[in-house]
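Peer 1: Structure for this input, please:
(chains A and B)
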2 protein chains.
Amino acid sequence: MTSTHNAALASLRTLEMLETPAAVIDVPRMQQNIRRMQSRMDTLGVRFRPHVKTSKSVEVAQAQIDAGATGITVSTLKEAAHFFDHGVTDILYAVGMVASKLPAALALRRRGCDLKIITDSVASAQAIVAFGAEYGETFDVWIEIDTDGHRSGIRPGEDALIDVARVLHDGGAKLGGVMTHAGSSYDFDTPEALAAIAEQERAGCVLAATRLRDAGLPCPVVSVGSTPTALAAEHLEGVTEVRAGVYVFFDLVMHNVGVCTTDELALSVLTTVIGHQADKGWAIVDAGWMAMSRDRGTQKQKHDFGYGQVCRIDGSVVPGYVLSGANQEHGILSREGGADGDIVARFPIGTLLRILPNHACATGAQFPEYHAIDQDRDVATWPRLHGW
Amino acid sequence: MTSTHNAALASLRTLEMLETPAAVIDVPRMQQNIRRMQSRMDTLGVRFRPHVKTSKSVEVAQAQIDAGATGITVSTLKEAAHFFDHGVTDILYAVGMVASKLPAALALRRRGCDLKIITDSVASAQAIVAFGAEYGETFDVWIEIDTDGHRSGIRPGEDALIDVARVLHDGGAKLGGVMTHAGSSYDFDTPEALAAIAEQERAGCVLAATRLRDAGLPCPVVSVGSTPTALAAEHLEGVTEVRAGVYVFFDLVMHNVGVCTTDELALSVLTTVIGHQADKGWAIVDAGWMAMSRDRGTQKQKHDFGYGQVCRIDGSVVPGYVLSGANQEHGILSREGGADGDIVARFPIGTLLRILPNHACATGAQFPEYHAIDQDRDVATWPRLHGW
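Peer 2: Residues are numbered from 1 along each chain as shown, chains lettered A, B, ... in the order given. Prediction:
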């Protein structure tokens, strides 16, 4: 055995050596999720621009790019700067631009970042072109389209669409395209309903692009997406790119939506049993809401998993056991449908477990780093971006 | 004007200069909350040991100590190390100890930290004394008492109380006392009910101490507390110290419990209006659940504030306007009880607002730092501990 080999061994860690709670990525599952989505996008004939707000991890984004992704989507300008600093140049900031954030966007473009920004109002479009004129910068601006009424955007048939586009185009901005996100797709759980909302998302965004082109305005990009619609769309005619985020880890909400199985979930929280209330059938673990997040996204779905599904340390599900309650650093583990009289023997103090989260984006955000385990169960540390 | 004065002016910032979203502490309100609690503890004749899990900020803890607090309570060993590194030595780690965390506790004690740990089981007590014997360390161990059934602890009358105490005492640990936390006090909202749960917490913990002493075992400390019970207790006979955390900032949950008014809330999230859906009466802001946290603690209380109460930038409440929805980086601001047709004029794009959170512990945790504003509205940056 060489000394190099010894050094490598010395740095290896296993899950059993981590302090709990800890965020764990199952890398083989993550790679499988990445391949599944990229292969689907390739088949549908569109580019794929993953939303890195889910992982906020350079290593995860690099795996998505290595598999064929074209650029990334971010939810904050701090993410944009972070990923640009790590070599990603094609970046869409997918939250409506306002005047106060234009200096940060300008700074990124001046450093060579091919940053795209979005707007859905004449007021913000005017601010963008005025600022661009003042600083001699041609911003690449996409118009946000509202295809399901869940949040921001201009509806495809509204007059405002042409108004905003003209302000941008006539004001010297680059009219880069249209984009939409049918976030209400999370509310459905049948293949038929998911296919319908995917088609609504596609058709609405293509209609907006068509209206712009019919008005003599450029619209090179037609960008749509959410994890459920990306996986449910029957075709994507007229669409040039898709965005999705949570598919990279999946989670219990997506399981309830019906787009993954629990053994495809790539993010979990490693936790230690620290006590019991035997008469109530409770085990107390050191993963509370600070670790799991306060997300209760499965509460109104067909299976309420509380604060998460319990798994053994090897990642296999322990059927029927969930985190039924959570305080800041305490989770209450119990059996669904009735107290387990053998809870102390089943989960003795010191037992290491892994908890599958309701919402991977929210749970990941509670941790400064991920512990990524490969096929051999060795652990690498992947930092995660925090804050704004 | 001296050059020193110029330098001081150059470093001053105001809220208008911050990037949003940002966590803002109103320092005069915080100091008032600290004075109110400390003065009450002084009157009740008990020591006060604030729980720093709420702020995870050295500056906030220092203000509590300056006002008279005796030591601190922490929820993780990382907090213990962080505050010890900043000069606090008397620290209670108030989550049940397990074998895997003993090396970190030992390391802190070896460095001079007067760390107290807790247990509620024979198994953990045995692990503590075995580890203590192996490393020649006398751990200061308190027994966790369950006075309201909401989480961990041994009920005051249980045989296990004496069993655990004997394992510790006979095994060479220092039996430091008993502690309890009546977390179910958050479920009440009348002075009578709060006084009743406070008395239940006090009486249960004192009973446990009495049983230990009657068995010939030492029990110097009797530690109780939660923000509602600390503020509602009519007397604290037999209690030696109180712990409370969220009182330092208060929040909308505490407002609904009835222990503070909204103009005592010291933590808010600064946000920018980034768009509208005028026909729905929505303003879209850049504080989504990533900023506010997913905590919906007011959902089942008498006033559901959604994801938070809207305030003007000066901190005054805008009555009837809340964050009614939240995505990761988008908040939906609307009027309670019916759409506001003037939403665009009332909150134009670019307007800065402050949102009061449901749960200060959860919202603070979303941010790497606080922006602390003093009486003159100057802004200082206070770092916040993140992770485990």
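Peer 1: quick one: average confidence on the lengthiest helix in chain A?
Peer 2: The longest helix of chain A (DSSP state H) is helix A:191-214. Mean pLDDT, helix A:191-214: 98.
Peer 1: Could you tell me which residues within it count as buried?
Peer 2: Residues of helix A:191-214 classed as buried by neighbour count (16 or more other C-beta atoms under 10 Å in any protein chain shown): A:193-209, A:211-212. (Each C-beta comes from the backbone N, C-alpha and C, glycine too.)
Peer 1: Now narrow those to whatever sits close to chain B.
Peer 2: Cross-checking the buried residues of helix A:191-214 against chain B (C-beta under 8 Å from any C-beta of the partner chain) gives no overlapping residues.
Peer 1: Check the separation of the first and last residues in stretch A:280-298.
Peer 2: Terminal residues of stretch A:280-298 are spaced 24 Å apart (C-alpha to C-alpha, to the nearest Å).
Peer 1: tell me the domain ranges of chain A?
Peer 2: Following the TED database, one gets these domains for chain A: A:30-246, A:262-358.
Peer 1: Quick one: residues contacting whichever residue of the stretch 101-250 of chain A sits closest to chain B.
Peer 2: Nearest to chain B, among the residues of the stretch 101-250 of chain A, is A:A123, at 4.8 Å (C-beta to the nearest C-beta). A:A123 sits next to B:P348, B:I349 when contact means C-beta atoms under 8 Å, 6 or more residues apart in numbering or on different chains.
Peer 1: again, 10 Å this time
Peer 2: A:V98, A:A99, A:V164, A:V167, B:G275, B:H276, B:V344, B:P348, B:I349, B:G350 (C-beta atoms under 10 Å, 6 or more residues apart in numbering or on different chains).
Peer 1: got JSON lines for the domains of chain A, with distance to B:F48 too?
Peer 2: Shown next, in JSON lines, are the domains of chain A (distance: least, C-beta to C-beta, whole Å):
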{"stretch": "domain A:30-246", "distance to B:F48": "38"}
{"stretch": "domain A:262-358", "distance to B:F48": "20"}
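Peer 1: Out of the ones you listed, which is closest to A:E16?
Peer 2: domain A:262-358 (6.6 Å; C-beta to C-beta).
Peer 1: and the end-to-end length of the closest one?
Peer 2: For domain A:262-358, the first and last residues are 11 Å from each other (C-alpha to C-alpha).
Peer 1: before we move on, what about stretch A:294-302?
Peer 2: Stretch A:294-302 end-to-end distance (C-alpha to C-alpha) = 19 Å.
Peer 1: So what's the gap between that stretch and the chain middle?
Peer 2: Its chain's C-alpha centre and that of stretch A:294-302 lie 17 Å apart, by C-alpha atoms, centre = their mean, to the nearest Å.
Peer 1: what's the answer for stretch A:313-333, then?
Peer 2: On C-alpha atoms, centre = their mean, the centre of stretch A:313-333 falls 23 Å from that of its chain.
Peer 1: Please see if that stretch touches chain B.
Peer 2: Yes - under the criterion of C-beta under 10 Å from any C-beta of the partner chain, chain B is reached by stretch A:313-333 at A:G325, A:N327, A:Q328, A:E329, A:H330, A:I332.
Peer 1: Which residues are in contact with A:H371?
Peer 2: Taking C-beta under 10 Å, 6+ apart, we find A:H371 in contact with A:13-15, A:17-18, A:22-25, A:270, A:379-382.
Peer 1: ok, for A:A233, nearest residue in space, not its chain neighbours?
Peer 2: A:A198 (4.0 Å; C-beta to C-beta, 6 or more residues apart in numbering or on different chains).
Peer 1: Test my guess that the one you found contacts A:S184.
Peer 2: No - applying C-beta atoms under 10 Å, one finds A:A198 not in contact with A:S184, separated by 11.4 Å.
Peer 1: Take the residues of stretch A:313-333 next to chain B and keep only those in strands.
Peer 2: Judged by DSSP state E, these include A:G325, A:I332 as members of strands.
Peer 1: Now that we have the residues of stretch A:313-333 next to chain B, which of them are buried?
Peer 2: Using 16+ other C-beta under 10 Å, the buried ones in the residues of stretch A:313-333 next to chain B are A:G325, A:N327, A:Q328, A:E329, A:H330, A:I332.
Peer 1: can you pull the contacts of A:C205?
Peer 2: A:145-147, A:153, A:156, A:177-182, A:222-225, A:236, A:238-239.
Peer 1: Now cross-check these against chain B and list the overlap.
Peer 2: Within the contacts of A:C205, those near chain B by C-beta under 10 Å from any C-beta are A:D146, A:G153, A:H181.
Peer 1: tally of neighbours for the first one?
Peer 2: Right, the one you point to is A:D146. A:D146 has 21 neighbours, counted by other C-beta atoms under 10 Å in any protein chain shown.
Peer 1: Was I right to think it contacts A:S121?
Peer 2: No - A:D146 lies out of contact with A:S121 (C-beta under 10 Å); the separation is 11.9 Å.
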